[in-house]
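>>> Using only what follows, build the 3D model:
(one chain, ligands or ions: 1)
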Amino acid sequence: MAHFAYPEFNTKANKMISNDFLVIENLVKAYALPDGEKLVVLDGINLNVRSDEYISIIGHSGCGKSTLLKIVGGLEKATSGLVTLEGKEIRKPGAERMMVFQHYSLLPWLTVEENVRLAVDEVYKKASSKEKKQIVSEHLAMVNLTKAARQYPDEISGGMKQRVGIARALAIRPKMLLMDEPFGALDALTRGKLQRQVLEICEHSRLAVMMITHDVDEAILMSDRIILMKNGPNANIGEILEVPFAHPRDPHELRESKEYYDLRNHALDFLDRYFTQDE
Ligand SMILES: Nc1ncnc2c1ncn2[C@@H]1O[C@H](COP(=O)(O)OP(=O)(O)OP(=O)(O)O)[C@@H](O)[C@H]1O
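Numbering: from 1, shown residues only. Take a look at the predicted model:
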């Protein structure tokens, strides 16, 4: 790897942290409906995300969480407003922003390592075959999938598939990970294990994360801030909660603190309030 500029995982303490890494300003997103009307989904979103920050987005179904994530991912365009990453306007998808979806999106005719390799080939065009192989194997090891490298997606469990998706996203060395309910389809035990694995990777990496979840406990465990969205249409941010717990976090320890329950109840009350308004 001598001539290949592939950064090591650095601790957060070693890095420059920028407060205006991702900047969302007055973001409005409207969809044209078949009857000629307009559906304004997001109406005036303002948010700054630091370059090492883990952000969760919570809100009732249809409030525009996925739409917001897709705009940051460059898969959807804003109707008005501005979204910038390190000062550059986001107009299309890019390798510095990798997406992970709830339903794994692996190619079934490729093995686990080939699925990751495909993405590495696409981005590291100048790297040698040996270097690319090393990147793939490092990232499979990171999510404990070394032994499953030669298996096909239909030969592995849902949790393993999701780990392949995460390894594939991380192997590209993105600056930002965008995850749409990444643990939503997993059983409770697998979800807990994978949450801790992702948390550990994020605690040691120079990475910003934006994650959609419906699970308040998951949001508190993983995030530095929780974005609580008001209901749509014309949704915007209702509240932003700071999660005050130091890293590394242990879910059992968290659940012993009063602060944890105060935060949890606050988020649940917010969601209840909006659910009731809608009824
Ligand atoms: N391409 C589209 N064309 C028209 N309307 C759309 C389109 N995509 C999303 N919508 C509408 O925008 C609104 C927000 O959708 P979005 O998927 O962003 O919500 P969400 O908060 O992620 O919901 P959920 O929690 O159920 O996944 C919904 O009313 C949805 O029907």
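
>>> what about the helices in the stretch 1-150 of the chain?
According to DSSP state H, counting those that start in this stretch, the stretch 1-150 of the chain carries its helices in the segments 65-73, 112-123, 129-142.

>>> To clarify, my last question referred to the stretch 151-279 of the chain.
158-171, 188-203, 216-222, 251-254, 258-278.

>>> so which of the helices of the stretch 1-150 of the chain comes closest to the ligand?
helix 65-73 (3.3 Å; Cβ to the nearest ligand atom). C-beta: built from backbone N, CA, C; applies to glycine.

>>> OK, contacts around residue 194?
Applying Cβ atoms under 8 Å, 6 or more residues apart in numbering to residue 194 gives the contacts 159, 162-163, 166, 182-183, 186.

>>> For the ligand, what's its nearest residue on the stretch 101-250 of the chain.
residue 232 (5.6 Å).

>>> Neighbours of the closest residue to residue 101 other than its chain neighbours, how many?
Distance criterion Cβ to Cβ, 6 or more residues apart in numbering; nearest residue to residue 101, sequence neighbours excluded, is residue 180 at 5.2 Å. Counted with other Cβ atoms under 10 Å, the neighbours of residue 180 add up to 20.

>>> can you list the residues of the stretch 151-279 of the chain near the ligand?
Residues of the stretch 151-279 of the chain lying close to the ligand (Cβ under 6 Å from any ligand atom) are residue 232.

>>> on that earlier part again, deepest-packed of the helices of the stretch 1-150 of the chain, please.
Comparing the helices of the stretch 1-150 of the chain by mean neighbour count (mean count of other Cβ atoms under 10 Å), helix 65-73 ranks first with a mean of 22.

>>> Pass me the low-pLDDT residue ranges in the stretch 101-250 of the chain, would you?
Applying pLDDT under 70 to the stretch 101-250 of the chain picks out no residues at all.

>>> returning to what we had before: same list, the helices of the stretch 1-150 of the chain, but as TSV with distance to the ligand please.
Shown next, in TSV, are the helices of the stretch 1-150 of the chain (distance: least, Cβ to the nearest ligand atom, whole Å):
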stretch	distance to the ligand
helix 65-73	3
helix 112-123	24
helix 129-142	28
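
>>> Just put those helices in CSV and tack on distance to residue 93.
Below are the helices of the stretch 1-150 of the chain laid out as CSV (distance: least, Cβ to Cβ, whole Å):
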stretch, distance to residue 93
helix 65-73, 6
helix 112-123, 11
helix 129-142, 20
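
>>> quick one, what contacts the closest residue to residue 146 other than its chain neighbours?
Nearest non-adjacent residue to residue 146, counting by Cβ to Cβ, 6+ apart: residue 140, 5.4 Å away. By Cβ under 8 Å, 6+ apart, the contact list for residue 140 reads 112-113, 116, 146, 148-149, 167.
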